[in-house]
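**Q** just to be clear, the model below is a prediction. Sequence and coordinates:
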Amino acid sequence: MWLRWGDETLVRPSGSVRRAMEAGLRVFDQMGYETATIEDLRLQSEMSVGSIYHHFGDKAGLATALYVQSLLGYQERLRAVLASPHGNAETVVRGFVVEHLRWAAREPARARLLLQRREIEVAPLAQARIDATNRALFGVIDRWYGPRAERCEIRLLAQPLLHAVWMGPAQEYCRLALGPSRGWPPDGPDPLAGDELATAERDLADTAWAALRP
């Protein structure tokens, strides 16, 4: 079952596993987790029910695997911002916001899945893996942030206040843009495309840096 896979295998699966996960992402995004059935997954993936159960256990197992896969892919982009050789405080604060928005624009189905976490029936072992993944990223952020806060390059805030101030507005913007209506406002332009996305990147990055600059 997928819980035994390493991160690289989960993020970049091959063969029937990849086909099942791509089909699962489409089905859950189009139908919703609660509505989707194993039969829907079987039809979309063109795999047997037995194969789906073998790799993922059940519908919840497939949804959770997709959640962890999406989380790892998203966090990989944030880690790249932190690793930039030109990553001074302002550049990284702005870069996190911009990458968050661009990832959601590139991967709207995965972004919606992360936003709908509470709907998925996550097993305890999977929850432990999710928690460990999040702790690892927060550890990397803390190691970047702590020395810069001590040098007064960035405002000193405790977690989770730092995360709320830094990323909260961008996450709320994405939640509205990617909600059940598949776009907000429903009759307006796509908030995660073109000029709308460019404006959001600029304004939300400005907001984050204004809140965190020393």
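**A** Received the coordinates, thanks. Numbers count the residues shown, from 1 in each chain.
**Q** alpha carbons only for contacts and neighbour counts from here, please
**A** Will do.
**Q** how about the helices in the protein?
**A** 7-11, 15-31, 38-45, 49-56, 59-82, 89-106, 108-115, 124-150, 161-177, 194-212 (DSSP state H).
**Q** mean confidence for the last one?
**A** For helix 194-212, the mean pLDDT works out to 97.
**Q** can you check the first one too?
**A** Per-region confidence: helix 7-11 scores 93 on mean pLDDT.
**Q** returning to what we had before: for M1, find the nearest of the helices of the chain.
**A** helix 49-56 (4.8 Å; Cα to Cα).
**Q** what sits against A123?
**A** G61 (Cα atoms under 8 Å, 6 or more residues apart in numbering).
**Q** can you read off the pLDDT for it?
**A** 91.
**Q** gap between it and A63?
**A** 11 Å (Cα to Cα, to the nearest Å).
**Q** kindly report the same for R12.
**A** From R12 to A63 the distance is 16 Å (Cα to Cα).
**Q** who has more neighbours, these two?
**A** A63 (23 against 11; other Cα atoms under 10 Å).
**Q** how about the contacts made by that one?
**A** G24, L25, F28, Y33, I120.
**Q** shaky segments in this structure?
**A** Applying pLDDT under 70 to the chain flags residues 180-188.
**Q** L3 and Q127 touch, don't they?
**A** No. Counting by Cα atoms under 8 Å, L3 stays clear of Q127, with 10.6 Å between them.
**Q** neighbours of R19, how many?
**A** What R19 shows, counting by other Cα under 10 Å, is a neighbour count of 15.
**Q** what of R94?
**A** 21.
**Q** for it, which non-adjacent residue is spatially closest?
**A** Using Cα to Cα, 6 or more residues apart in numbering and skipping the chain neighbours, the partner closest in space to R94 is A205 (4.7 Å).
**Q** for H100, see how far away that neighbour is.
**A** Taken as Cα to Cα, the span from A205 to H100 is 11 Å.
**Q** more neighbours, those two?
**A** Taking other Cα under 10 Å, A205 and H100 do not tie; A205 has more neighbours (24 against 20).
**Q** distance between the ends of stretch 25-40?
**A** Note: stretch 25-40 ends 12 Å apart using Cα to Cα.
**Q** neighbour-wise, which of the contacts of A63 leads?
**A** G24 (25 neighbours).
**Q** for that residue, give me its contacts.
**A** L41, Q44, S45, L62, A63, L66 are the contacts of G24 under Cα under 8 Å, 6+ apart.
**Q** between these, which is nearest H163?
**A** Looking across the contacts of G24 and measuring by Cα to Cα, the closest to H163 is L66, at 24.0 Å.
**Q** find the nearest non-adjacent residue to the closest one, please.
**A** M21 is the one closest to L66 (Cα to Cα, 6+ apart), at 6.7 Å.
**Q** from what I can see the one you found touches T64, true?
**A** No. At 10.5 Å, M21 does not count as touching T64 under the criterion of Cα under 8 Å.
**Q** most remote residue from this protein's center?
**A** If you look at how far each residue of the chain sits from its centre, by Cα atoms, centre = their mean, the farthest one is R151, at 30.7 Å.
**Q** how much space separates that residue from Y145?
**A** 10 Å.
**Q** do S70 as well
**A** From S70 to Y145 the distance is 25 Å (Cα to Cα).
**Q** then P189?
**A** P189 is 36 Å from Y145, by Cα to Cα.
**Q** settle it for me: which of these two has more neighbours?
**A** More crowded of P189 and Y145, by other Cα under 10 Å: Y145, with 20 against 13.
**Q** since that was my last question, I'll sign off now.
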